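Trainee: predicted structure and sequence below. I'll ask about it afterward.
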Amino acid sequence: MKILERKLNRSLVILMLASGFFASCEDKKEEDKDDLVETADTVKTAVLNVNGELFSVPSPIQTALLIQKTGVSYDKSVLSVSNKVNNFSTDYSRAFNLGIYGADLGYVSLYNQTQDALSYLTAIKQLSDKLGISAAFDAATMERLSKNITNKDSMMVLVGLAYRSSDSYLKNNRRNDISTVILAGGWIESMHFSMAAYKSKPDATIRERIAEQKQALNSLIKILGSNTSPEVTEITTLLSDLSKIYEGVKLTYKYVPPITDSIHKITTINSITEVVISDEQLSQIAAKVNEIRNKITITTK
């Protein structure tokens, strides 16, 4: 068993959090580029309100950022093939794969893979059309994404905003069932990225992130639990099987009072999370995630 300790010792600039985090975009002088502002919640963990209950699920972009920061190289083989849109013949299979493609788009954009980003952008548009949610990815949004396809910073902001917009659209039109399935697809793909990255480079930070998904997994199971569609029920059952593996993963949180520098308006968080996860558990998690992902992506018409 390995014990990983994370000391959350990050400097949080309160003034910046209050007004939003501003990301400078490259090539601002180009006429076909947007000057974009990245809000603090563009790529953060999402807190969802489903039937009055709050759930916390990390953004796939958040996971991709972590993977890149550990020095793991771009690996196209971990992505779902983008030209299979017509193989998904039901709304739920399309929604699951829309979530997967959304995570893939974030991943390829982060690594500045322009051609691949265009392919996933096209696939996302096609799936949204088939789902009847084209308004969530309207022409203006798609045009902004296309124009900023070579700008990593802008793409990170736009992908995050596009999915926030689509989630809002679905909820406003009472299509929460589709929204939650898209969310589940994105989470599964980000787990797939994490497992592949850890296999490539056994980094303690990635190992810890995988362990922390125990809480998000439980949230997903609850969110999807009210959906009685056979397609969704099958995936929910597999996710429940995954949660049984996670039962042996231990997360212990120790609160340590934060230190605030009132002059510079900086608060340092000192709390510690201890993570205990074995190599065997990691192997079992990887196998189950792969099984779930294959069930979603390997669909024939």
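Mentor: Good, I have the coordinates. Numbering: from 1, shown residues only.
Trainee: in the chain, where is pLDDT below threshold?
Mentor: The model of the chain has pLDDT under 70 over residues 1-58, 135-142, 145-146, 149, 152-175, 269, 271, 299-301.
Trainee: how about the strands in it?
Mentor: Here the chain has its strands, by DSSP state E, at 2-7, 11-13, 46-50, 53-57, 250-254, 259-261, 266-268, 272-277.
Trainee: would you map the helices across the stretch 201-301 of the chain?
Mentor: Residue ranges of the helices in the stretch 201-301 of the chain, as given by DSSP state H, counting those that start in this stretch, are 204-224, 230-246, 279-297.
Trainee: V256 touches T273, doesn't it?
Mentor: No: counting by CB atoms under 8 Å, T273 is not a contact partner of V256; they are 10.8 Å apart. C-beta coordinates here come from the backbone N, C-alpha and C atoms, glycine included.
Trainee: give me the neighbour count for T122.
Mentor: Around T122 there are 16 other residues, counting by other CB atoms under 10 Å.
Trainee: gap between the residue nearest to it when sequence neighbours are not counted and S119?
Mentor: Excluding the flanking residues, the one nearest T122 by CB to CB, 6 or more residues apart in numbering is S82, at 7.3 Å. Per CB to CB, to the nearest Å, S82 is found 4 Å from S119.
Trainee: same question, V275
Mentor: Taking CB to CB, one finds V275 at 36 Å from S119.
Trainee: how about G186, what does it touch?
Mentor: Contact analysis of G186 by CB atoms under 8 Å, 6 or more residues apart in numbering lists 59-60, 99-100, 102-103, 163.
Trainee: which of those residues fall in helices?
Mentor: Judged by DSSP state H, those include 60, 99-100, 102-103, 163 as members of helices.
Trainee: can you name the two of the residues you listed that sit furthest apart?
Mentor: Spanning the widest gap among the ones in helices among the contacts of G186 are I100 and Y163, at 12.5 Å by CB to CB.
Trainee: is L238 in contact with V289, as I believe?
Mentor: No: contact between L238 and V289 fails when scored by CB under 8 Å: they sit 9.5 Å apart.
Trainee: have a look at these two and say which one is more surrounded.
Mentor: Neighbours per residue (other CB under 10 Å) separate L238 from V289, with V289 holding more: 24 against 18.
Trainee: just checking, that one touches I245?
Mentor: No: using CB under 8 Å, V289 is not in contact with I245; the gap is 9.8 Å.
Trainee: V256 and T273: who's more crowded?
Mentor: The residue with more neighbours, out of V256 and T273, is T273; 16 against 12, by other CB under 10 Å.
Trainee: quick check: the more buried one touching K250?
Mentor: No: the criterion here is CB under 8 Å, and T273 misses it with K250 at 10.5 Å.
Trainee: now K295: how far from E234?
Mentor: Applying CB to CB, the value for K295 to E234 is 7 Å.
Trainee: and what of Q126?
Mentor: In terms of CB to CB, Q126 sits 24 Å off from E234.
Trainee: higher neighbour count, these two?
Mentor: More crowded of Q126 and E234, by other CB under 10 Å: Q126, with 18 against 14.
Trainee: show me the contacts for that one.
Mentor: Applying CB under 8 Å, 6+ apart, we find Q126 in contact with V85.
Trainee: roughly how far apart are it and V249?
Mentor: Distance of Q126 to V249, given as CB to CB: 38 Å.
Trainee: also K288?
Mentor: For K288, the distance to V249 (CB to CB) stands at 13 Å.
Trainee: go on, A216?
Mentor: In terms of CB to CB, A216 sits 12 Å off from V249.
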